[in-house]
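J.: coords please:
(chains A, B, C, D, E, F, G and H, ligands or ions: 10)
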Amino acid sequence: MVERLAMPKSWRLDSKPHKFCPGCGHGMVLKVLGEVIDELAIQEKLIFGVDIGCSLLAWDFFDVDTVQTHHGRTNPVMVGIKRARPELLCIAYMGDGGAYAIGSQHLVNVAFRNEKIMAIVVNNCNYGMTGGQMSPTTLPGQKTETSPYGRDAKETGSPTLGPEMVAAIASPGAYVARGSVTNLKQLKKFMKKAVENQLAGNGFSFLEVISCCPTNWRTNAKQTWAFMEEEMGRYFKTGELLTAEKDEGHS
Amino acid sequence: MVERLAMPKSWRLDSKPHKFCPGCGHGMVLKVLGEVIDELAIQEKLIFGVDIGCSLLAWDFFDVDTVQTHHGRTNPVMVGIKRARPELLCIAYMGDGGAYAIGSQHLVNVAFRNEKIMAIVVNNCNYGMTGGQMSPTTLPGQKTETSPYGRDAKETGSPTLGPEMVAAIASPGAYVARGSVTNLKQLKKFMKKAVENQLAGNGFSFLEVISCCPTNWRTNAKQTWAFMEEEMGRYFKTGELLTAEKDEGHS
Amino acid sequence: MSKKTFRKLQYEGTKGCFNISPDLCKGCGLCKEKCPTDVLDWGKELGVYGTPIIVPARLEQCIVCGICELVCPDAAILIEKKEKEKKKAKES
Amino acid sequence: MSKKTFRKLQYEGTKGCFNISPDLCKGCGLCKEKCPTDVLDWGKELGVYGTPIIVPARLEQCIVCGICELVCPDAAILIEKKEKEKKKAKES
Amino acid sequence: MAKLIKIAIAGEGGQGVQSIGDILAEAGNEEGKEALYIPNFGIEQRGGVSLAFVQISEEQIGSPKFESADIVIALSERAVARTLQYVTKDTLYVYDNSLIAPPEVADEVIGLQAYDTVAPEAQAGKISRQVKSAQEELPKNAKRLIGIPATAIAQKELHPRVFNMIILGATVRAAGIVEMQTIEKALESKLGKKFTDNPKLRVLNFSALQKGVELMDTALREEGKV
Amino acid sequence: MAKLIKIAIAGEGGQGVQSIGDILAEAGNEEGKEALYIPNFGIEQRGGVSLAFVQISEEQIGSPKFESADIVIALSERAVARTLQYVTKDTLYVYDNSLIAPPEVADEVIGLQAYDTVAPEAQAGKISRQVKSAQEELPKNAKRLIGIPATAIAQKELHPRVFNMIILGATVRAAGIVEMQTIEKALESKLGKKFTDNPKLRVLNFSALQKGVELMDTALREEGKV
Amino acid sequence: MDKLSHEEKRAFMTGNEAVAWAAVAAGAEIMNGYPITPQNEIMHYWTRLAPKFNKKFLQTEDELSAGFTTIGGVLGGKKAFSATAGPGTTLFQEPLSMAEMMRIPMVLVVQQRGGPSTATVIYSQQEVNLVTFGGNGEGWRIVYSTSSHQELYDYTIKAFDAAWKYRFPAIILGDGYQAKMRESLLMYNPEERGILLVQPEVFVGKPGLPGRDRPADHLRNAFSVEEELFEAAMNIQQEYDKMAAEIVEADEQQIDDAKVVIIAHGVVSRAAVAAMNRLRAKGHKVGYFRPITLRPFPEKQLQAVAEKCSNFLLVESALGQLARLFKEALFNVPIKSFQTIYKPGVGITAEEIVEHIESHG
Amino acid sequence: MDKLSHEEKRAFMTGNEAVAWAAVAAGAEIMNGYPITPQNEIMHYWTRLAPKFNKKFLQTEDELSAGFTTIGGVLGGKKAFSATAGPGTTLFQEPLSMAEMMRIPMVLVVQQRGGPSTATVIYSQQEVNLVTFGGNGEGWRIVYSTSSHQELYDYTIKAFDAAWKYRFPAIILGDGYQAKMRESLLMYNPEERGILLVQPEVFVGKPGLPGRDRPADHLRNAFSVEEELFEAAMNIQQEYDKMAAEIVEADEQQIDDAKVVIIAHGVVSRAAVAAMNRLRAKGHKVGYFRPITLRPFPEKQLQAVAEKCSNFLLVESALGQLARLFKEALFNVPIKSFQTIYKPGVGITAEEIVEHIESHG
Ligand SMILES: Cc1ncc(C[n+]2csc(CCOP(=O)(O)OP(=O)(O)O)c2C)c(N)n1
Ligand SMILES: Cc1ncc(C[n+]2csc(CCOP(=O)(O)OP(=O)(O)O)c2C)c(N)n1
Ligand code: SF4
Ligand code: SF4
Ligand code: SF4
Ligand code: SF4
Ligand code: SF4
Ligand code: SF4
Ligand SMILES: [Mg+2]
Ligand SMILES: [Mg+2]
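T.: Numbers count the residues shown, from 1 in each chain, chains lettered A, B, ... in the order given. Ligands and ions are numbered 1, 2, ... in the order given. Okay, here's the model as predicted:
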């Protein structure tokens, strides 16, 4: 018997195995986040906000104070906490639907206002929680429950490029990047820099993560990796889009 | 006695003099729009949607079918009409608050989906209708009823750059421009191109107009012009940000 | 359908006519500021909001450029160029 | 506070130890696909969802690269490099 | 004096109607009475009639708006039409019998009067009915009709901008519920800074107030009712 | 036969519980009876117990869920614990007395059974209580307890993937409310395409059904109750 | 193909699927919606049916947009609808309030889930307050509460008709159980049954040059002064009341000799009927009453019941939401007894009701 | 300086200004809001007071954000509030429903305007349905309906206290008239009056390492299965009912010998009292009753009135919204007569009430 195996220290054991599906990208993202929490020793001052979407399954994921909010409303709740208690670190964790559809007014205005919080968007190209409907990031031609014949870009538009949008409207001090669970080392680097950006009080930190939803994609492991690397990779380029200009002089 | 004087033919006489304040930029924008309606002969197939904001004062402005909607919701109402009746032309007319604050989820998603409607945002740097509160486009240092000591960019962010944002996320076929009532000839050119873009069915047409609100700015005529030309001009650059790539082969 | 009409005051200058409707002018002054040759000033007559209307106080300076008409948010001004002027304008 | 523990199966190879917890492995197969030397395969034992767990079927090929551990969404795998290996890795 | 006096004041946007109402009520409050002032507001086109409702009472005041006024002050033709509904056989009806005052557009405020365009949602209620002529429309059922040449007097003797101070003075005299001294105090607290900067302003405003009192006095006397 | 028969089926995510319920109800409907099938669903962690409620009746059916079942089918240890609440003294309680079937993860579906992970909000209700051992927990109040070695037989004699067809067969036999023919018809309409592509599949599924009937027959006979 | 087949046919399907078919049968042309459990499959089926029947679908960015694009569709003269639940129903109050004021016949299907807040995605009857009187207004909506797939089908058709005939927004109120369960229903083409579907009309974009051939349509929901609103409101209320008499619906059984009347609505009324039957079989004189329209509420019908028997047992999967409508309807009507079973967010079975009546009389 | 001066002082101001000062007096630390007439001046005054009293303000992108950032402020352990009206109150139902479920003591000021939809920016009592029972839940809120600036001040202070003591969202319900009119009130520092303000508590971000020094706080509003929600809901309802007895408030005058009792709430009750006094002066025996808490509703108090006199005249600037609460409270209580004056969106004067009673008896 063993306690943690490869689990970050900030993971809460009682809620493990976690509630995500087998092979769900959320697990990978949260492992990276857990490691960053451990390495930056921020467990005590972190407030983790989870959206409604599969992210809600993380409501008791960490030994970290966590608030599960409403669909699309995690950004404003975190803004409210951060402004009330600037000494805390606030991370809003949500899906592509919560961030780019129902919560997009909050996302763009958080970016406009350069709120000193961090937002993580787990982009799995669909509405996972509700059973796989089209989302703003669904790829052209991708079949979902509400695009049963494949997404028709003419009728329903092209996939949302979140980081590109945020980068276009963000203020100096903001950090904007896109990582992927297909490159976890890079993802961790971005995640760390994003957290550090908040620690330094520079501005809004935004990180999209290319992730997977094998359940709704109906993919096996091989197809899952392939879809992320090839299909999603074609549309969603990983990398840092904005980094804080001023010196990040934090502890 | 005279009927129209300098009024475009599409202006409805019964509601003139219109309901905007003396010196209000809305009047200039609507004069330009009226001329474009006349010149492109679209009065019969145009549906004009006005937001809640001072734009609502235009609910009976034209001899054009007009729907006054809710604050921020003019884009979706116009999308609904356009999708129901693609042969109609739909213009959503709103303020900076309606477009960039409460209706921003609609704006960005209309852009993502490349809806074949046109949106006009009259940017007067404040919430005119409700008596001059701060808006997303209020300039740094600008005093409003809710930034009585001047907008503090650190606390409340920098002015929203609407066309820049839309251009960053729009799809091919979209038209994006910023005009100003300080350059009415250019504004008319942009307005016409935007309408033509919808006529051609190319994609979303977006036009922001730098405008004035002397009532809430508490400016006299000289100051009004100066604020637009100098203060606003510094932040908001006029010009075309996106034009439809494909040939605009309309009638 | 609409039968509404508005009063019109006409001032004839050398290059054209300056028309203003007191039923429309709200006295904002935007035109006055933009006139390149400082033609405009406040008149005695009151406009629709009970404020003085704009009049071409120095009509002789008017170059019928049409800027005042262009900027008036209430479409209260109409500049009519004289035929000659129009031709000239076209020729140049 | 939490006292929960998980079963661990340990497989000792030449370069290091491969540890897997049947209480955590959900049988997704992501690790299996990513192993660069095709070490992994399905085992007999059942994991937490009643599906076969991953085992290092060809452990001898394992280069303790840690990729399988890295990608496992459930933190079910732990790769322990042997001391020597670690040093070597550092030196290189 | 009645325990409760209800005053409705109406005029054009630029005539300073709200200031009159506000200062009246404030003075009532200053004297320890119950006072309530409420403007009419709505989504409005500029140039609508501006209405102010004031109640001053010895006791708690009921609803902020009322159906019948003890005193109605109408400062423009449209205001006359707009205020007819508040007139009963007990109403003292005061109107400006000189020309309607053109509000001046200028940048520096002399009195409390100014060209006060307000944002649409803060605007006083409009009247949509077409108004013919004030004279025709003057209420026939009022207890007393009193014409005050405030505009004329302001222009001739003082300054157009203190037109509303004349009206205020007249109203105070007619209502008899607050002391002129308290009104002056209220004015002082509103415009104190301006008065210190430009002591002439104080004189101008206070003279206008006084003029209003006198005009009302005369009017009442002429009608042989005081 | 009773006018209304209520069946609760419970098992692990991969055991095809919902398919059993669905086909049962569909067959009931096919025969012109009133039938109602409802899955338990909620925001769920995978691996929760999957529950299906089926009612078949000659008349209109009341509430979609019920408190006491005529037949309970429990296919895993956790399912046993989860279904205790539906057992009364009139309940026929059926459980798998072989090992719990490991659902197989593979890409090609043989029967209706599959490793069917569903999205969280479509997931059957979980059980949060800790379960000890099924044997300990088997209901003591049921009318009859019947163990069927479905898993073992499926693995030994047929194919692990048709485990749920055995269960379906057994249930049909126990409930006696629909004809086996109708079940076969329902299966045919669900899997017709697959059956045409691979006729062996049809044989496999239908054999499993038949096997289930026989197992139940034997079990009932062994208990000397038929 | 843009019409249903002409044959009536018995189908066995989920409630969500039934709604999608019913909308087709009702002549709905457009669905705009945002996913939420437990109504998702309505959208799933609609998107599959859409190309076959020449219908349109738009997945919007949120429920506000779903509501306002649906309004847009209606303004364009199309039968447009949406579907939602829970927090989505909350957000739908904004477009609904505009539809109430502007007399826009939008149709909305609500499959109730647990509340308040996100709560559960499963089931409840906790959205009664919201569908009847949500919004900053006076509840000018039509609300049909259904209890079976057959009714989901029938009342979806009725809702479109009532909406377009009377120009009020109409809501079909189901729940997660009805949404997800499978049972039988008879599907039909209403026109084949002689039901003349009300035809939609265009609000904007009529033929002719506005201002010359016809007045322009200027639609608004904002008023300058109080009196304008007062007039508009009194007018709409009057038309609502007039309509109420024509569309109000209730169901009742075995009232005449009843000693207890069970009150329930929606899916719970099935348990009520079953309980009544079981109790009758045992010799208990039990009756049942059920409002089908929750707005307008069948007041007179209920009052007539109370005259015959006023020992009531009210049963709902909420904390007194139906009870409030019930009490209002029976204002100043003397009642002998009033008992309740309130089970917010969970189902109610016939057994419970039987048990309650047997033990409480 | 972050406290009010210690002296009580008589002030003459608008209702909106009174609310801003009251919030300061109540110890409010944060206001997050979105502009809407007629509550704008609350924000205007607050932004002016904020730097002086070390308070915070955020103008959000919409009312949803105003509500959820306010919730965030509360979770952070601060007394946070917002203010809204009309369509804003509609949107506020989403955050309110979360606050109800998670027991988050957010405070909201609602200055009612005309409805439904955009309607007027002026005045009404048409948001009673929404503030009492809006949201996809069971109305777990506290609603104080005020009738004067003094009450706006007093009940703003009370609302913060009740919210934080009982952990339910609290609403101060005013209207556009109260918002915009100027009248006098006595401002005071509640602590100087011996009122011990309830201190806010931190929900998240307490000291100590979670998982080691203390359990982490895991707050949620979603449940997996029906039974979990049922338990939670019954629990909250129980605590709500317990609280109700402690905070319910009503005002009544001259009931004992009354032949008619006027029922009104909010600003309309002023007209009711004035009418009562005038009628009393003329020898009519008229009384008056007014619920101050609309949620929970003073049922017992009203029933006690009905026992003495049950000829009622109910008066409201809405189409029966108060009446619904009234009827529910008097369920199964026999009433002699019930008359109404409903004036949606317009003010009601004492004269009208007097007239009505004199002509209808
Ligand atoms: C107001 C509201 N509308 C809709 C829903 C239903 N809903 C829950 S999760 C979800 C989508 C989740 O998708 P995403 O945000 O991409 O997260 P994922 O599950 O894919 O990780 C939706 C639509 C809701 N809970 N609330
Ligand atoms: C849901 C909702 N929230 C708030 C308001 C109040 N409101 C009306 S107009 C307006 C702001 C208008 O500003 P903008 O959109 O910039 O238009 P402008 O008046 O400046 O032209 C606001 C906040 C409303 N009507 N509805
Ligand atoms: S549904 Fe998709 S996103 Fe949600 S837990 Fe399962 S795999 Fe992950
Ligand atoms: S308030 Fe400003 S924007 Fe509105 S009408 Fe007046 S000047 Fe124009
Ligand atoms: S036409 Fe040109 S020059 Fe003449 S008055 Fe107008 S602006 Fe001045
Ligand atoms: S711009 Fe027009 S309205 Fe303004 S002063 Fe000139 S003529 Fe009058
Ligand atoms: S450590 Fe590397 S080589 Fe070894 S099993 Fe894991 S992935 Fe394969
Ligand atoms: S990635 Fe983890 S959970 Fe998936 S099969 Fe491998 S060890 Fe098991
Ligand atoms: Mg997603
Ligand atoms: Mg603006």
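J.: C-alpha from now on. contacts and neighbour counts both.
T.: Fine.
J.: ranges for the helices of the stretch 1-150 of chain A?
T.: Under the criterion DSSP state H, counting those that start in this stretch, the stretch 1-150 of chain A contains helices at A:25-40, A:74-84, A:96-97, A:104-113.
J.: please read the previous query as pertaining to chain G.
T.: Here chain G has its helices, by DSSP state H, at G:15-25, G:40-53, G:63-75, G:86-102, G:128-133, G:149-166, G:176-180, G:226-247, G:268-281, G:299-308, G:321-329, G:350-360.
J.: rewinding a little: mind checking the helices of the stretch 1-150 of chain A for the one nearest to chain F?
T.: Nearest to chain F among these is helix A:25-40 (13.0 Å), distances taken as CA to the nearest CA.
J.: counting neighbours, which bits of the closest one end up buried?
T.: A:25-37 (16 or more other CA atoms under 10 Å in any protein chain shown).
J.: tell me if that helix is near ligand 9.
T.: No. Helix A:25-40 does not reach ligand 9 (CA under 5 Å from the ion); its nearest approach is 10.1 Å.
J.: quick one: mean pLDDT over that helix.
T.: Across helix A:25-40, the average pLDDT comes to 98.
J.: how about it, does it get close to chain H?
T.: No. On the criterion CA under 8 Å from any CA of the partner chain, helix A:25-40 is out of touch with chain H, staying 12.1 Å away.
J.: who touches that helix?
T.: Outside helix A:25-40, the residues that touch it by CA atoms under 8 Å, 6 or more residues apart in numbering or on different chains are A:7-11, A:18, A:20, A:43, A:55, A:62, A:122, A:181, A:184, A:187-188, A:191-192, A:209, A:211-213, D:71-75.
J.: and E:Gln85, how many neighbours?
T.: 12 (other CA atoms under 10 Å in any protein chain shown).
J.: mind checking the SS state of it?
T.: For E:Gln85, the secondary structure call by DSSP: H, G, I helix; E, B strand; the rest coil comes out as helix.
J.: quick check: phi and psi at E:His159.
T.: Note on E:His159: backbone dihedrals following degrees, to the nearest 10 are phi -160, psi 140.
J.: dump the residue contacts of it.
T.: By CA under 8 Å, 6+ apart, the residues touching E:His159 are E:Leu204.
J.: of all the helices of chain G, which lies closest to ligand 5?
T.: helix G:226-247 (41.0 Å; CA to the nearest ligand atom).
J.: G:Lys336: which of the buried residues of helix A:25-40 is nearest?
T.: A:His26 (58.0 Å; CA to CA).
J.: burial count for residue 85?
T.: Chain wasn't specified; assuming chain A. As a burial measure, A:Arg85 scores 18 neighbours (other CA under 10 Å).
J.: wrong chain, I was asking about chain G
T.: Counted with other CA under 10 Å, G:Ala85 comes out at 32.
J.: pick the most buried one from the helices of chain G.
T.: helix G:63-75 (a mean of 31; mean count of other CA atoms under 10 Å in any protein chain shown).
J.: give me the contact list for it.
T.: So helix G:63-75 is contacted by A:102, B:73, B:76-84, B:106, G:30-34, G:59-60, G:79-82, G:84, G:88, G:91-92, G:94-96, G:99, G:104-106, G:202-204 (CA under 8 Å, 6+ apart).
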